[in-house]
Structure formats: C-alpha cells, structure tokens
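Enquirer: Sequence below, structure please.
(chains A and B)
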Amino acid sequence: MNIMQSIKSDPVIDVRGVHKSFNTVQAVRGVDFQIFRGQSVALLGPNGAGKTTLMEMIEGIQKPDAGDIFIMGRKWKGNERELHRIIGLSLQETRFIDRLTVAETLTLFASFYGLVRERVDEIIPIIGLSEKSRAYVVNLSGGQRQRLALGIALLNRPAVLLLDEPTTGLDPNARREIWAILRQLKNDDQTSLILTTHYMEEAEQLCDRIVIIDYGRILKQGTLSELLETDTSEKLIEFTIDAPAADPKDNAPAFDIRWNPGRTKGTITLARLETDLPEFLNFLNQNGLHLTHLECRRKTLDDLFTSMTGRRLNE
Amino acid sequence: MNKPFDFPQLFQLISSHFKEIIREPAVIFWGIVFPILMALGLGVAFTRQADIVRHVAVIDDPPAQLEQSTNKSPIQAILETNGQRMDPNGDAPPRYQITWTDEKLGTTIFIFEKTSWKNALVLLKRGNLSIIMADADGQIHYHFDPMNTDAHFSYLKLSKIFGGEITPRMEHPESVQPMTVPGTRYIDFLVPGLMSMGVMMSCMWGLSYGMIDKRSKKLLRRMVATPMRKSYFLISLMTVRIMMNLIESSLLFLFTWLAFDITIQGSIPGLLAVFLAGNISFGGIAIFISCRTANTEIGNGLVNAVVMPMMVLSGIFFSYHNFPDWSVPIIQKLPLTLLADGLRGIFIEGAAFSEVMLPTVILLAIGGFFFVAGMKFFRWH
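Expert: Here you go, the predicted model:
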C-alpha cells in the first residue's frame, strides 16, 4: 500500500513507550501519544524537558532506546527515503549556505524532491520573502532566516510538518509573522503539524492539542479547554502587598493562596469573581494586609504548568 | 504535476557549492592570487641574480693591543689594502666593505665590522652574521658553525680574499657555466611543488573545514532530512574542488609561463592523471579527517596535523634529499611527495605517461582507502 493511502482514521504519528538516554541523562522517559491527519499538536515544556530529543526521534535523527515510532504506519528503519518525501521539518537552529540567495537555497532543496521551479516561486510569497528572493542568506535577519527554513519545510507539501522551536530567539514581530504563515497552513487539513515550544501563546494560538512535557515525561495532554478544565469564568488574581504576610497558621486564609518565597506576592484562583473578589479583599483587610497591586486575568497554560511542577515554563 | 529531475540534484549541488566558493572574495585571493604572488616572489628571489651581502665580525678585543702592536694584523692589512672604509656612525668602530665581483655568479659584498667577542657572539646568535674572523699569532682564524652552509659559502670566498691556505685549488683551469635553461632553474622546481601544495591545501581546508563547518551549522543534518542522495553531496563537493584546483593550477601555470617561461616537458595526459589522482587522494583524506567532528577548532587541529608535516617534509620549496638518508624512502611515500614528484617528473624531467602510472595508482589507492574509511564512520548529524 502506498504511504499516502493509509487509512484516514489511522494515526499519522504514533509514539509508543519511547525512551531515550544520553550517558546518565534520561532525556525521554516513556512517552506515548498519537497524532491524526490534519491535527496540530504542540509539545510544550521548559528548556531541557526533552522536547527536542522526542522531536529528533520522530524526525528519524535519533533512535529510541526503547519503544516504537510509526509515521503513517511505518518505522524509520528501511523506509527513510519514503518518509523523507512526506515530512517537512525545521530544526531548532539551521544555518544555510551564506552566499546563496533565498531563491537559490529553495531551488537547491527543491531539487532534492524533484520539484519544478514553479513550486519555489509559490513558496517565496507564502513565507513573505518576495523582496528578499535575491538576497544572500547571510544578509537575512533572524526572522527572515527562520521563514526561509519554514519555506524549505513546506516545499514538498508535507503530510507531516515537524517544527522544532520555530520562533525561539525571534522578536515579537518576527514571531507573529511565523504564526501568520502557520495559521494559514492550518486551513489545509491535509498537513499534520507538531511543533515544540516553550511559549504558551504559541501553543495556544497554533495548535488543536497540547502535550505538556517535563523531565522527559508527559504531564498532561488535551485541547486547551480540556487542559484548563473548561471553566472560562474561572479567573486568576495576582496581587502584591506592602509587607510580608504573616505565617498562615496565625491567620488561616480562606483562599488557596500561592505565595512567592518572600510572601509579598501571591496568586489565587476565583471561581465567581463577583462574590469571591469582595470576600478576598475583606480577608486582606482583616489580616492587616495592604494591597499595592492587583491584576485579574484568565488562567493560562503557564499557570497550569506552575501548579503541576512549581516552576514556570520560561525558567 | 511535479516533473522529477527538472532540477537534477547533482547539478544543483555542484552549482551551489561552486557559487559558495566563487562568491567569497577571500577564496579568490587565497586560492588564485596568493599562489601566483608566492611564485612571483620566490621566482624572482631565486631566479634573478642579485647582490649577495654578508656581514662578518672582526674581533677587535681589546682594541688597544692592535694599536700598540708594531706589526699590523693580517686582517687589518688586507682590509686597508683591498677594502673600502665605510663612514662610521658617531663613535662606532670603523667598518670596511670588500666587493667580490663575478660576472657569472653575481657580486658578493662582505661588510666587516670590528667588534668584541661578546658582541660578535650576540650578532651570530641573532643571525645577523654567520662567520667571525680573528687574528692570533699572525694567523687568521675563522669561527663558524660547520653545519651552516651559508657560513661555508662565506668562508670559502673569504679564504680566497684573505689568501688562506684551505682555498680549493683546481689542477686544470676551471670554468663556471650558469644553468639558466628552462627546467633547471629553481622556479622550474618550485612551480610543480606550489601546484601540489595548492591541491593539498585546497582539499584539506576547502573540503574538511567546509564539511565540519556545515556539520556544526546543522546544514548536513538538514540536508539529509530530505531525499537527497548522500553520495551526490560528496561527489558534488569533490567535483567543485577539483574544478577549482584545475582553474587555480592553470592560472599559476599561465602566469609562470608568461613570467618565467615555464614549460611542460613530459606527457600532458600523464600530468592530468597525476593531478586528478592527487585531488582524489587529498579529497579522500579530507573526508576521512572530517568524518566525525562538528567542532571547527578540532577540525583546525586535524587539518594542521595532516598538512604541516607534509609541508615540511615533502620538498615543496627545497629538496627533501637534505633530510637524513633513512627518512627519504618514508618521505617519498607521502601523498604530497608523490604528487609533487609526479608533477615535477612531467614538468621538468619530461616523464612519459607510463612513468607516472605508479604514483598515480598509489595516490588513487590512498584516496580510495580514506574515502571508504571516512564514509564508514561519517556522521551526518
């Protein structure tokens, strides 16, 4: 059976019980997940969580110590050429040949897939590099280089697109430009996307499903609303007080406050803002705590990650 | 629908590597202009006859002795008779110049400087001079390092000038016939050596360092994550390198032909065969040494470890026969020596194709062996 004719309901990527160690470091410790046709999935986790190692195993660059990875029902061994034809990828950091132009670099990579020049001409406007098509790669900005890397990944109209931290190190504008290209791509439900990131906004904006990873294990996975337990009315209050709060034994809080180590900043989750907020203010007043700052916002993946690990995603 | 082979991989790879090289102005300078400048500099220095100037220390220690002596020292007597006194600077002791004119061998100018033993030794250690003369018991004494050929040269000429007894005497009248016909000059020896060195340097730095750099930039990893044929990648690198080496060597030959009348006296097909085999040999070695590392500093060390010994030993600038006899058979088996000797055989000895078959086959075998070994351990990621 042709690789593109696999059954629609079959997972495009099937990761089963995968482990990988480097010397004494266990980078990936028993990971299972599946991705179906047209799905966009984010592997979200802090630096060193094992995202890149997992991605490299999916890309066929690393071999798992244990477990299996199937792409369109095929393992990497013995199917390298076939799988390379259907995968597009962007590594965490790639530098192309400095003194080739954008168009020449795309043409070189197009030749590996046996593609015609028209495909290069199609890709250049998609990645927003029409004005730079004759510029040498060495003269591109970081964001433009990353867009070129993305363009190369899209050349072969991949069934599976693997992007390893596509916006790390880019300024907010450059990041948004990459997001715009990827959002456009989401409309095409033929491409399944996995991207690794430690930016929660990136995962939220671009992906249908999010897999949260830390220390080589999946902590939680699901859609954004599943992960944040769907209650959209639930709000998060971050506040600062003018002096360290006393020990909780002396004035047991009516709310589950997560204090910073100096006990001058805290965070609480309120289910019903109208009734709970006055009650919280009253609690502060009764305990002689004076507010210097208060901010109310919705719950984020970072909050979820912090509640599970005690650390923040960007640490 | 996509048409396969509309962009043939190999053509695109060759075109990209070629553009990568020629668009770097420094590559054009170091690859083409620099070898020509080196040939020009060395060719002029060793081919055109220039005055030879040598400094000699004459011991004047202590000066008072000489003045008190009733008999003038033999050195002083000859300096005053045959030499020309140079204007002393301030309080500095007098200096003399003797010019030895030879129409065929060129002019040698000796500059004699009176000084103390201590100062003479300092000047000798610094390389300002290679011979010291002194008077003792009415005799002239020459002090020099017997291992220093330049000192030997000075001694033989000085002993003639000062009428020393060790002057070589010929029983029959002698005649010097300078060898200036093409093929016998230093430039004829030098150019094939420079071409060989160019091939080695270009392959080792261009291929090895280029490959390590591409690995460290993760470009190799990105390229093999496509259906690119790995063999095409290496073939394209080698092809571009051979083309560049051919251009560089042709320009070097063209320049030296115009400037020094360099000729190729042997077989042209033989020349191409040795040249190609040399490229393949160093290409294989380059792939072998760059097969694992992604660290350009380690790459630097590896390339130097291969290049430096051959640069010193293989007789690029001067004959390796000056090295001890036991080492010569080993030196002759080094790839750079095989290439340089092969090219020299054709350039200046008029060697036929059959005469360079053996070095060609050995060079190809070396290249093949290292290429296969390199591919076995090659790390694309």
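Enquirer: The nearest residue in space to residue A:301 that is not next to it in sequence - how many residues pack around it?
Expert: Nearest residue to residue A:301, sequence neighbours excluded (C-beta to C-beta, 6 or more residues apart in numbering or on different chains): residue A:200, at 4.0 Å. (Glycine included, C-beta is placed from N, CA and C.) Using other C-beta atoms under 10 Å in any protein chain shown, residue A:200 has 22 other residues around it.
Enquirer: wait, doesn't residue A:200 sit right on residue A:299?
Expert: No - applying C-beta atoms under 8 Å as the test, residue A:200 and residue A:299 come out as separate, 11.0 Å apart.
Enquirer: just to revisit the earlier point, OK, contacts around the residue nearest to residue A:301?
Expert: Contact partners of residue A:200, counting by C-beta atoms under 8 Å, 6 or more residues apart in numbering or on different chains, are A:44, A:300, A:301, A:302, A:305, A:313.
Enquirer: Near residue 205, how many other residues are there?
Expert: No chain in the question, so chain A it is. As a burial measure, residue A:205 scores 15 neighbours (other C-beta under 10 Å).
Enquirer: actually it's chain B I care about, not the one you picked
Expert: Quick note: residue B:205 (other C-beta under 10 Å) scores 18 neighbours.
Enquirer: isn't it right up against residue B:304?
Expert: No - here residue B:205 lies out of contact with residue B:304, judged by C-beta under 8 Å, at a distance of 9.9 Å.
Enquirer: Can you name the residues that contact residue 53?
Expert: I went with chain A, as the question did not name one. Per C-beta under 8 Å, 6+ apart, neighbours of residue A:53: A:20, A:22, A:27, A:28, A:62, A:216.
Enquirer: Oops, wrong one, chain B.
Expert: B:108, B:109, B:111.
Enquirer: Now residue B:360. Nearest residue, chain neighbours left out?
Expert: Per C-beta to C-beta, 6+ apart, closest to residue B:360 is residue B:277, 4.4 Å.
Enquirer: whoops, residue A:217 was the one
Expert: That would be residue A:29: by C-beta to C-beta, 6+ apart, it lies 5.3 Å from residue A:217.
Enquirer: would you say that neighbour is within a helix?
Expert: No - membership of residue A:29 in a helix is not supported by DSSP: H, G, I helix; E, B strand; the rest coil, which gives strand.
Enquirer: Quickly note the distance from it to residue A:209.
Expert: Separation of residue A:29 from residue A:209 (C-beta to C-beta, to the nearest Å) stands at 21 Å.
Enquirer: The two: who's more crowded?
Expert: Ranked by neighbour count (other C-beta under 10 Å), residue A:29 and residue A:209 place residue A:209 first, with 20 against 15.
Enquirer: State the pLDDT value of residue 292.
Expert: Answering for chain A, as no chain was given. In this model, residue A:292 is scored at 90, pLDDT.
Enquirer: Chain B was what I was after
Expert: pLDDT for residue B:292: 87.
Enquirer: re earlier: between which two of the contacts of residue A:200 is the distance greatest?
Expert: Spatial extent of these (C-beta to C-beta) is set by the pair A:44 and A:300 at 11.3 Å.
Enquirer: quick revisit: so can I have a markdown table of the contacts of residue A:53 showing pLDDT and distance to residue A:126?
Expert: Output for the contacts of residue A:53, formatted as a markdown table (pLDDT from 0 to 100; distance: C-beta to C-beta, whole Å):
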| residue | pLDDT | distance to residue A:126 |
| --- | --- | --- |
| A:20 | 94 | 34 |
| A:22 | 91 | 37 |
| A:27 | 91 | 34 |
| A:28 | 93 | 33 |
| A:62 | 88 | 30 |
| A:216 | 91 | 35 |
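Enquirer: Report the buried members of those residues.
Expert: Buried members of the contacts of residue A:53, scored by 16 or more other C-beta atoms under 10 Å in any protein chain shown, are A:20, A:27, A:28, A:62, A:216.
Enquirer: And those, which is closest to chain B?
Expert: Minimum distance to chain B across these is 8.2 Å, recorded for residue A:62 (C-beta to the nearest C-beta).
Enquirer: which ones are touching the closest one?
Expert: A:20, A:53, A:56.
Enquirer: So which of those residues sit within helices?
Expert: A:53, A:56 (DSSP state H).
Enquirer: Check the secondary structure at residue B:123 for me.
Expert: helix.
Enquirer: for it, what are its contacts?
Expert: So residue B:123 contacts B:55, B:57, B:115, B:129 (C-beta under 8 Å, 6+ apart).
Enquirer: ok, the second one to chain A distance?
Expert: This means residue B:57. Going from residue B:57 to chain A by C-beta to the nearest C-beta, to the nearest Å gives 56 Å.
Enquirer: any idea which of the contacts of residue A:200 has the most stuff around it?
Expert: residue A:44 (31 neighbours).
Enquirer: In contact with the residue most central in space within chain A, which residues?
Expert: Centre of chain A computed as the mean C-alpha position; nearest residue by C-alpha atoms, centre = their mean is residue A:197, 3.2 Å away. Going by C-beta under 8 Å, 6+ apart, residue A:197 touches A:42, A:43, A:44, A:51, A:165, A:166, A:167, A:168, A:203.
Enquirer: taking those one by one, which sit in helices?
Expert: A:51, A:203.
Enquirer: Make JSON lines from the contacts of residue A:197 and add pLDDT and distance to chain B to it.
Expert: Converted to JSON lines, the contacts of residue A:197 look like this (pLDDT from 0 to 100; distance: C-beta to the nearest C-beta, whole Å):
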{"residue": "A:42", "pLDDT": "92", "distance to chain B": "21"}
{"residue": "A:43", "pLDDT": "91", "distance to chain B": "18"}
{"residue": "A:44", "pLDDT": "88", "distance to chain B": "23"}
{"residue": "A:51", "pLDDT": "89", "distance to chain B": "17"}
{"residue": "A:165", "pLDDT": "89", "distance to chain B": "13"}
{"residue": "A:166", "pLDDT": "89", "distance to chain B": "14"}
{"residue": "A:167", "pLDDT": "88", "distance to chain B": "17"}
{"residue": "A:168", "pLDDT": "84", "distance to chain B": "14"}
{"residue": "A:203", "pLDDT": "87", "distance to chain B": "24"}
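Enquirer: Going by neighbour count, which of the contacts of residue A:197 comes out on top?
Expert: residue A:44 (31 neighbours).
Enquirer: quick one: it and residue A:22, what's the gap?
Expert: 22 Å.
Enquirer: Residue B:274 now?
Expert: In terms of C-beta to C-beta, residue B:274 sits 47 Å off from residue A:22.
Enquirer: swap in residue B:31?
Expert: 40 Å.
Enquirer: Grab the nearest non-local neighbour of residue 86.
Expert: You didn't say which chain, so I picked chain A. residue A:159 (4.4 Å).
Enquirer: Please refer instead to chain B.
Expert: residue B:95 (4.3 Å).
Enquirer: ok, now which ones touch that neighbour?
Expert: By C-beta under 8 Å, 6+ apart, the neighbours of residue B:95 are B:85, B:86, B:88, B:111, B:112, B:113, B:114.
Enquirer: count of neighbours near the first one?
Expert: What it means is residue B:85. 12.
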